[in-house]
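**Student:** coords below, sequence missing:
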């Protein structure tokens, strides 16, 4: 745009016309008085004055616009001049770029190409120099090997030259340049031929010297030649011959251990073979520990695993000999056969229906009719329990040593990149070994079978020799001999065996043993122990009245309570046994523990979790079974003992209970009978308390606290229903004062029953609310009825029962 295109002040074009029209439009829109609306002379003058003012304003604005157009035209002209000058400068710049910089760019490209060529030539020269140096090194090594193997016979130097030559790449050794430069008059063969012949010659020499030193027992010389094998590239040969060498020592020590016992006396020692197996494992572990550093240093990291594999092969042989000798010496197969064929006559006969003969019922300790001590002794002669126990102890020691040995090898064969806190995994050298299979067949399987037999026979023996506590009585005035808890002697015997069996099984550190023994213990406890107690409860101690409507004999009640106590104590004993193994308290058995002592005995992967679960399952299963039997037994005890004797207590307590009388009438009767009114009012409470104590205290001193608490809960549940029926029986017959007395009497009864166990009061909530509603004032009842259920009393009564309770007092 040029200055000529800008309209000046003299032009009268369409732009000026548009501007004028716009101004006129604006002035018309914004004018206050209009000439068209004028109705008088004053309005016309006012409109005219307004038009003059507006005209002046428009004129001023137009003048300002016209004056500014000259400045704009001047600036636009300057911009046009600058644009022309810049155009010429651009043309000059382009000419300079095309004329000068293009030649410089060509020069830079040529220089870059030359630099690349020089770098390539330099790299080739360096590679050539490297090849020359390697060939020179190869020539020096070849001549050094030949020279060292000559008159000096410096085997270390020769092996060192071969080791240095092995660092030269194989293509260079076999290349034409080396083939033409390395051979000489003294060494005419190609370098690779010379080196290979030297390796073979030195390998044979080292083998002969190593075997000679091993035969002479020269440990220093053995180590000297053992270190040379990897230098000549024969590391596998060195590891193999070294493995044979250490295995000879292992075999010799193992044979010497078996021959060390004087005659058969030493071998009959309970732990002779266990000690022999222990020495075998300790010897191998000592070799691996002491020689591992030497092997790793000279042969490379992880190479000791091959020596361990060779040692394990020897351990398979020597350990197999020890286990075979042990099995034959101990007669394990015969004992297994005897154990599997043992009849368990006492247990079997005990679970048969009781039979009566002319001479009466058989003795409790008799396994069968006509069977006595002689019969039991004849059974015991078939399987000597002391021998079985000793055999189990010996096997557990051997399995424990095998577990330690396996753990040691797992640590040595562990991948170096494995994190330190990662669980161990059993290495293949153990899982695939013949000794591992033999231990499973000759130790683990017999242990599981014999442990099952030993425990079940111990349970049978415990019940055969069982004794119940003597001197117990339901007469509160008669002292009791002995200390609580009052249980059968079989509980202590059996739980001691349970603790021993579990402890031995865990000491083996074998998952397969724990997986078999722990469930077997649970099965025997569930079938034989609980079954025997249940059978005695049902057949020998069931507290059933001999006369219709009478009470059971005292000796039956006491024997029944003793059996209930025995179940409860056995449950607690087992919980403590399991807790001691898991390192927790009985209350925390199913909680997750951060430190589990079993982790030290079962380090492989998920073994500790499996064993912990098995122990918890044993405890929970036994607790459930004993809990169910205790619950059933307590119901029987309540039905035939407590409930029968509680009825006359209630009858006596509520004798002459006259809740229909008023306060004045009761006071008059007290004066007539010359009785104290307060004593008359408390008569029901006192009678019930005397009857309750006479009934429950003799039972309480015989039972365990938990079983007695459960019995009181049963009694309270039934008593609450009885008291509720009694309250409803007074409906419409009770005076206002009688309702107050009833509330007081029933509260006293509830306090007596819940003495020492506050939670029992919850069972009487319905009775308490009935009497509370019956004794409410009318205003209090209306206020309570208007309250919302969320903020008011938590009712156990429904609306109908509450209305019925309000009608308890006669109007």
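**Tutor:** Great, that's in hand. This one's a predicted model, so the numbers in the text were calculated from it and none came from an experiment. Numbering: from 1, shown residues only.

**Student:** count of residues packed around the residue lying closest to residue 681 once chain neighbours are set aside?
**Tutor:** Distances taken as Cβ to Cβ, 6 or more residues apart in numbering place residue 741 nearest to residue 681, at 6.2 Å, with adjacent residues excluded. Where C-beta positions appear, they are placed from N, C-alpha and C, glycine not excepted. Residues lying near residue 741 (other Cβ atoms under 10 Å) number 22.

**Student:** remind me what the one helix or strand residue 741 maps to packs against, helices and strands.
**Tutor:** In this structure, residue 741 is located in helix 736-753 according to DSSP states H and E. Taking 3 or more Cβ pairs under 8 Å, 6 or more residues apart in numbering; DSSP states H and E as the contact definition, the neighbouring helices and strands of helix 736-753 are helix 683-700, helix 705-729, helix 765-774.

**Student:** what's the angle between the shortest one and helix 736-753?
**Tutor:** To tie it back to what came earlier, the one meant is helix 765-774. 160 degrees (axes from the mean of the first three to the mean of the last three Cα atoms, to 10 degrees).

**Student:** and after helix 765-774, which helix or strand comes next?
**Tutor:** Beyond helix 765-774 in the direction of the C-terminus, DSSP H and E gives the next helix or strand as helix 778-786.

**Student:** C-terminal to that next one, what's the next element?
**Tutor:** Following helix 778-786 toward the C-terminus (DSSP H and E): helix 799-806.

**Student:** who's in contact with that following helix?
**Tutor:** Applying Cβ atoms under 8 Å, 6 or more residues apart in numbering, the contact partners of helix 799-806 are 728, 731, 769, 770, 771, 773, 774, 776, 781, 795, 797.

**Student:** just those residues now: which is nearest residue 116?
**Tutor:** Within the contacts of helix 799-806, distances to residue 116 taken as Cβ to Cβ reach their minimum at residue 795, with 99.9 Å.

**Student:** I'd assumed residue 768 was in contact with that closest one.
**Tutor:** No - here residue 795 lies out of contact with residue 768, judged by Cβ atoms under 8 Å, at a distance of 11.4 Å.

**Student:** who has more neighbours out of those two?
**Tutor:** Neighbour totals were compared for residue 795 and residue 768, and residue 768 leads with 18 against 14 (other Cβ under 10 Å).

**Student:** residues contacting that one?
**Tutor:** Residue 768 touches 746, 747, 750, 761, counting by Cβ under 8 Å, 6+ apart.

**Student:** likewise for residue 135?
**Tutor:** Taking Cβ under 8 Å, 6+ apart as the criterion, residue 135 is in contact with 172, 177, 178, 181, 182.

**Student:** any idea how far it lies from residue 628?
**Tutor:** To residue 628, residue 135 is 90 Å away according to Cβ to Cβ, to the nearest Å.

**Student:** can you point out the buried residues in stretch 341-352?
**Tutor:** Of all the residues in stretch 341-352, those buried under the rule 16 or more other Cβ atoms under 10 Å are 342, 344, 346, 347, 349, 350.

**Student:** the fourth one: what's it in contact with?
**Tutor:** Under the criterion of Cβ under 8 Å, 6+ apart, the contact list for residue 347 reads 456, 459, 460, 463, 528, 532.

**Student:** next one: it from residue 524, what distance?
**Tutor:** Taking Cβ to Cβ as the measure, residue 347 and residue 524 are separated by 10 Å.

**Student:** joint contacts of the two?
**Tutor:** When contacts are counted by Cβ under 8 Å, 6+ apart, residue 347 and residue 524 are jointly contacted by 456, 459.

**Student:** for this structure, which helix is longest?
**Tutor:** With DSSP state H setting the assignment, residue counts place helix 41-96 as the longest helix in the chain.

**Student:** name the helices or strands packed onto it?
**Tutor:** For helix 41-96, where contacts count as 3+ Cβ pairs under 8 Å, 6+ apart, the packed elements are helix 14-30.

**Student:** give me the mean pLDDT for the helix holding residue 741.
**Tutor:** Mean pLDDT, helix 736-753: 91.

**Student:** again, but for stretch 511-520
**Tutor:** Looking at stretch 511-520 alone, the average pLDDT works out to 95.

**Student:** please apply the same query to stretch 136-149.
**Tutor:** 80.

**Student:** with stretch 775-788 instead?
**Tutor:** Stretch 775-788 comes out at a mean pLDDT of 80.

**Student:** next, the buried residues of that stretch.
**Tutor:** For stretch 775-788, using 16+ other Cβ under 10 Å, the buried residues are 775, 776, 781.

**Student:** is it possible to export these to TSV including distance to residue 306?
**Tutor:** As requested, the buried residues of stretch 775-788 are exported to TSV (distance: Cβ to Cβ, whole Å):
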residue	distance to residue 306
775	93
776	93
781	94
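
**Student:** what's the closest of these to residue 556?
**Tutor:** Nearest to residue 556 among the buried residues of stretch 775-788 is residue 775, at 44.7 Å by Cβ to Cβ.

**Student:** right, and the closest one touches residue 739 too?
**Tutor:** Yes - between residue 775 and residue 739 a contact is recorded at 5.3 Å, counting by Cβ under 8 Å.

**Student:** burial of residue 66, as a residue count?
**Tutor:** Using other Cβ under 10 Å, residue 66 has 13 neighbouring residues.

**Student:** pick the most buried one from the helices and strands packed on helix 736-753.
**Tutor:** Comparing the helices and strands packed on helix 736-753 by mean neighbour count (mean count of other Cβ atoms under 10 Å), helix 765-774 ranks first with a mean of 20.

**Student:** angle of that one against helix 705-729?
**Tutor:** Following the same axes, to 10 degrees, one obtains 40 degrees for the angle between helix 765-774 and helix 705-729.

**Student:** reformat the helices and strands packed on helix 736-753 as TSV; add distance to residue 56.
**Tutor:** Rendered in TSV, the data for those read as follows (distance: least, Cβ to Cβ, whole Å):
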stretch	distance to residue 56
helix 683-700	118
helix 705-729	110
helix 765-774	101
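
**Student:** can you say which of those is nearest to residue 247?
**Tutor:** In terms of Cβ to Cβ, the element of those nearest to residue 247 is helix 705-729, at 61.8 Å.

**Student:** by contact count, what packs against that closest one?
**Tutor:** Judged by 3+ Cβ pairs under 8 Å, 6+ apart, the packing partners of helix 705-729 are helix 554-582, helix 607-637, helix 643-653, helix 683-700, helix 736-753, helix 765-774.

**Student:** nearest to residue 41, of those?
**Tutor:** With Cβ to Cβ as the criterion, residue 41 lies closest to helix 765-774 of the helices and strands packed on helix 705-729, at 102.5 Å.

**Student:** centre of the chain to the closest one, how far?
**Tutor:** Here helix 765-774 shows a centroid-to-chain-centroid distance of 49 Å under the convention Cα atoms, centre = their mean, to the nearest Å.
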